[in-house]
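# Model the following, please.
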Amino acid sequence: MRGIFYRLYKYLNSIIIFFCTAIFFYFLIDFGEKVLDPGDGILHYQMAKYSWTMPRLFLNHWGKPLFTFLSSPFAQLGFKGMVVFNIFLFVVSSIFLLRITTLLKIKKGWMLILICFGAPIFFWSVLSGMTEILMCTILVLSLYCYLKENFILGTLILSFSLLARPESNIVIPFFMLYLLYKKQFIALPFILSGFIIFSFAGYFYYDNFFWIITERPYFSKGTYGTGSFFHFILGYKQILGLVATFLFVLGMISLFIKKQYEEKKVALFLLVLFPAISVLLVHSFLWWTSLYTSAGYFRVLSTVIPLFALISFLGLNTMFTWLEKRINKTYINILTLIISALIVFGGLFNLQIDNRLMIEQDVLIKAANWYKSQGENKKIYYLPPSFSYQARINPFTEEGTRDNMKYFGDKDKPSRNMKEGELLLWDGQYSRVEGQISLEDCLKDDNLLCVSSFYPKENITFYGHPYSVRIFKKVNKKVEVKNSFVNEFNKSIKSVLKTLRVENNSDEFLGLFHVDNKTSHRGVVLQYDFSCKIRLPAEYENKKLKLVYTWETLGEGVFYDSKNVEIKDGGGLLDFQFISNSSCFQNAEFRVYFWNINKYPISLSDIEFSVKAF
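Numbering: from 1, shown residues only. So this is what the prediction gives:
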């Protein structure tokens with residue numbers, strides 16, 4: 001029995017790498033057609049996929065040219081191929097991290113692999129098909145070469161990081177300082193290798209040798225807001241994990257006080273600790289000041305997770321060295337298993353998968369299926385990358401260009417940027433924030449007809465607004481239609497309003513009316529016009545509540561939309577308009593209510609509500 005365990009321990013490094021890889025593949029299969037990052041992850045996949053037929057995409061700065069080039073063969077297999085590429089990079093990084101632990105003369109190197117694997121944001125980045133993992137691999141390879149004193153090869157590899165991630169601009173200076181410290185002046189010029197090679201390649205497309213500098217895609221100010229300087233530091237559980245963060249602090253302390261690492265201390269400071277801390281601080285500053293389109297995403301720190309993990313591993317080694325002198329080896333082995341389990345399962349527990357993005361993809365799949373049913377080559381303006389992915393649209397052709405909505409000259413009336421018959425997809429995330437086009441502007445545009453609407457099965461919000469997808473078609477002018485549904489609907493509402501009296505009502509959910517709809521009325525767009533006079537007692541001034549309307553149906557879930565109501569000077573006239581595509585709501589119940597969360601005593605009069613069809 002002891003012989004079996006000995007043989008297993010001999011291959012423990014390989015077993016750990018296989019174990020981690022198997023878990024990655026399990027999650028990859030479990031996600032099905034869903035994508036962890038349906039935004040940037042999809043865009044990077046599309047650039048890599050279509051680069052074989054559109055070579056200019058190899059030189060797209062935002063797409064990270066090195067990543068696009070290396071991942072393009074995998075992208076031909078579909079999005080899952082991109083994840084397989086990242087898993088391959090994880091395996092390569094793991095092998096060289098083990099070699100680094102050998103150079104540092106530290107045992108239990110396999111635990112360094114588990115620290116990386118158990119870092120929640122690293123795990124997420126591998127499965128999202130993002131660019132950060134390539135940067136990790138470049139750093140690990142360069143670090144290994146530097147510790148082996150193969151400075152020219154290490155610098156040559158590091159030079160290509162400029163084409164992989166912008167964090168390279170933070171990391172490279174520390175590696176150059178180390179070359180100066182070691183007096184390896186001959187290796188310094190090789191840091192320009194990647195820049196020169198790609199500059200020559202891009203010169204024939206951009207007609208500019210310095211396109212890597214001039215074509216930078218990042219602007220001076222972001223569009224995603226700002227936040228606390230300590231945003232990333234306070235997110236340690238989602239970035240490195242609780243146990244690994246504790247070990248990281250212990251590792252930093254041990255670097256300063258222990259003589260064990262004296263031989264490699266300068267290398268560990270300049271090549272590992274300082275680059276990792278600097279990337280953390282720079283991204284903290286950018287998010288705090290909203291510079292360079294910072295969005296506060298934790299994933300940007302995935303680029304240096306192996307460096308953080310290496311310091312954590314030093315802390316772990318310090319702890320074991322201290323314990324080995326005081327307790328039995330059996331207890332050390334038990335503690336090793338416990339810590340390993342805490343790192344892995346703690347990391348998976350803190351893995352943050354935004355369920356809203358999964359629900360959003362369900363909605364966009366429905367929208368994509370509707371679009372495909374309309375025939376090919378139908379011009380549509382859109383922004384969600386997941387839509388083009390599901391609709392099989394090449395977003396880099398003139399017909400499928402994703403960014404067209406961003407550059408609309410007239411965003412107050414979107415139809416002025418379109419030709420008659422063209423489609424526009426508005427969604428509650430990208431269109432509102434990146435496109436700077438509100439749903440209200442689309443709805444009030446006389447030349448945009450809402451031809452289909454798609455709603456999540458449960459209410460989700462982005463940036464404080466309920467999410468939905470609407471597809472509009474440019475028409476000469478909206479035409480109002482009369483049908484039995486509208487007539488019956490309005491009759492039902494009028495009968496309710498005749499008996500409706502609201503006087504000093506402080507219910508949290510103040511229901512006005514509901515109507516059961518049993519009829520089929522596909523192919524029209526419904527416009528709901530609501531008005532009333534609202535009053536509050538004098539002591540309640542400048543109060544806020546919501547006017548809400550919902551369609552509730554077991555078949556299609558619940559659609560929810562709302563308008564904020566601000567009551568000033570004791571009250572006044574409210575006048576609101578809602579619009580929905582009618583085909584989604586057969587066999588559903590329509591409700592309108594005030595959400596009076598603070599239970600103010602409300603009085604309503606002159607209530608009017610009508611429905612029109614277009």
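# mind checking how far residue 242 is from residue 298?
From residue 242 across to residue 298, the span is 15 Å (CB to CB, to the nearest Å). (Glycine included, C-beta is placed from N, CA and C.)
# List the contacts of residue 299.
The contact partners of residue 299, taken as CB atoms under 8 Å, 6 or more residues apart in numbering, are 37, 121, 124-125, 128, 130, 132.
# and with 7 Å instead?
Contact analysis of residue 299 by CB atoms under 7 Å, 6 or more residues apart in numbering lists 121, 124-125, 130, 132.
# Span of stretch 457-464 from start to end?
Start-to-end span of stretch 457-464 (CA to CA, to the nearest Å) is 18 Å.
# returning to what we had before: residue 242 and residue 298: which has the busier surroundings?
residue 298 (19 against 15; other CB atoms under 10 Å).
# So residue 231 sits against residue 296, correct?
Yes - if you go by CB atoms under 7 Å, residue 231 and residue 296 touch, sitting 5.6 Å apart.
# Which of these two has more residues huddled nearby?
Set residue 231 next to residue 296 and count neighbours by other CB under 10 Å: residue 296 wins out with 20 against 16.
# confidence score at the more buried one?
According to the prediction, residue 296 has pLDDT 77.
# overlap in contacts of residue 231 and residue 296?
residue 287.
# for the protein, what's the longest helix?
Ranked by residue count under DSSP state H, the longest helix found in the chain is helix 79-103.
# What mean pLDDT does that one get?
On average, helix 79-103 scores 94.
# other SSEs contacting it?
With contacts defined as 3 or more CB pairs under 7 Å, 6 or more residues apart in numbering; DSSP states H and E, helix 79-103 has these neighbours: helix 12-30, helix 40-50, helix 65-75, helix 110-118, helix 120-128, helix 132-147.
# if I look at residue 533, how far off is residue 455?
Per CB to CB, residue 533 is found 31 Å from residue 455.
# picking that back up, the helices and strands packed on helix 79-103: which one's closest to residue 597?
For residue 597, the closest of the helices and strands packed on helix 79-103 is helix 120-128, at 33.9 Å, according to CB to CB.
# Return the residues in contact with residue 251.
So residue 251 contacts 311-312, 314-315, 318 (CB under 7 Å, 6+ apart).
# same thing but 8 Å
Applying CB under 8 Å, 6+ apart to residue 251 gives the contacts 311-316, 318.
# helix or strand for it, which one?
helix 242-257 (DSSP states H and E).
# May I see the buried residues of that helix?
Applying a neighbour-count criterion of 16 or more other CB atoms under 10 Å, one finds 243-248, 250-251, 254-255 buried in helix 242-257.
# Let's have those in a markdown table, adding distance to residue 50.
Formatted as a markdown table, the buried residues of helix 242-257 follow (distance: CB to CB, whole Å):
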| residue | distance to residue 50 |
| --- | --- |
| 243 | 42 |
| 244 | 38 |
| 245 | 40 |
| 246 | 45 |
| 247 | 43 |
| 248 | 40 |
| 250 | 47 |
| 251 | 43 |
| 254 | 49 |
| 255 | 46 |
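# my read: residue 44 touches residue 82, true?
Yes - between residue 44 and residue 82 there is a contact at 7.1 Å, judged by CB atoms under 8 Å.
# tell me, what's touching those two both at once?
Joint contacts of residue 44 and residue 82 (CB under 8 Å, 6+ apart) are 71, 129.
# Among the contacts of residue 251, which one lies nearest to residue 278?
Of all the contacts of residue 251, residue 278 sits closest to residue 311, with 13.3 Å by CB to CB.
# mind checking the backbone torsions on that closest one?
In terms of degrees, to the nearest 10, the main-chain angles of residue 311 are phi -70, psi -40.
# Likewise for residue 502?
Dihedral angles of residue 502 (phi, psi; degrees, to the nearest 10) stand at phi -130, psi 110.
# Ok, residue 472 next?
The phi/psi pair for residue 472 (degrees, to the nearest 10) is phi -110, psi 150.
# In the sheet, which residues pair with it? Tell me.
residue 424, residue 450 (DSSP bridges).
# any idea how far it lies from residue 413?
Distance of residue 472 to residue 413, computed by CB to CB: 12 Å.
# likewise residue 430?
In terms of CB to CB, residue 430 sits 20 Å off from residue 413.
# Can you pick out the residue with more neighbours from those two?
Per other CB under 10 Å, whichever of residue 430 and residue 413 has more neighbours is residue 430, with 23 against 15.
# mind checking pLDDT for the more buried one?
87.
# Which secondary structure element is home to the residue nearest to residue 190 when sequence neighbours are not counted?
Spatial nearest neighbour of residue 190, excluding adjacent residues (CB to CB, 6 or more residues apart in numbering): residue 155 at 4.2 Å. For residue 155, the element it lies in under DSSP H and E is helix 151-159.
# That helix - what's its average pLDDT?
The model assigns helix 151-159 a mean pLDDT of 95.
# Next, the buried residues of the next helix or strand after that helix.
On the C-terminal side of helix 151-159, the closest following helix or strand by DSSP H and E is helix 168-181. Buried residues in helix 168-181, defined by neighbour count with 16+ other CB under 10 Å: 168, 170-172, 174-176, 178-179.
# Stretch 413-430 too?
414-415, 417-418, 423-430.
# CA atoms only: put it into CSV for me.
Provided in CSV are the C-alpha atoms of stretch 413-430 (Å, rounded to 0.1, in the frame of the first residue of the first chain):
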residue,chain,number,x,y,z
LYS,A,413,-34.1,60.3,-33.2
PRO,A,414,-32.3,57.1,-34.2
SER,A,415,-34.3,56.6,-37.4
ARG,A,416,-32.5,59.5,-39.0
ASN,A,417,-29.4,57.3,-39.1
MET,A,418,-31.2,54.5,-40.9
LYS,A,419,-32.7,53.6,-44.2
GLU,A,420,-36.3,52.6,-44.6
GLY,A,421,-36.8,48.8,-43.9
GLU,A,422,-33.6,48.5,-41.8
LEU,A,423,-33.8,47.1,-38.3
LEU,A,424,-32.4,48.3,-35.0
LEU,A,425,-32.0,46.2,-31.9
TRP,A,426,-32.2,48.1,-28.6
ASP,A,427,-31.1,46.3,-25.5
GLY,A,428,-31.1,47.4,-21.8
GLN,A,429,-27.3,47.1,-21.3
TYR,A,430,-25.1,48.0,-24.3
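# At which residues are the strands of this protein located?
Using DSSP state E, the strands found in the chain span residues 380-381, 423-427, 448-454, 461-462, 465-466, 469-474, 502-505, 509-517, 525-535, 543-553, 557-567, 571-581, 588-595, 602-613.
# mind listing what's buried in the last one?
Residues of strand 602-613 classed as buried by neighbour count (16+ other CB under 10 Å): 602, 604, 607, 609, 611-613.
# helices or strands up against it?
helix 484-498, strand 502-505, strand 509-517, strand 525-535 (3 or more CB pairs under 8 Å, 6 or more residues apart in numbering; DSSP states H and E).
# Tabulate the ones you listed (TSV), appending distance to residue 285, mean neighbour count and mean pLDDT.
Listed next are those as TSV, based on distance: least, CB to CB, whole Å; neighbours: other CB atoms under 10 Å; pLDDT from 0 to 100:
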stretch	distance to residue 285	mean neighbour count	mean pLDDT
helix 484-498	55	15	74
strand 502-505	51	14	79
strand 509-517	45	16	70
strand 525-535	46	18	77
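# Indicate which one of the ones you listed is closest to residue 193.
Ranking those by distance to residue 193, with CB to CB as the measure, places strand 525-535 first at 58.5 Å.
# Could you give the number of residues near residue 40?
For residue 40, using other CB under 10 Å, the count is 18.
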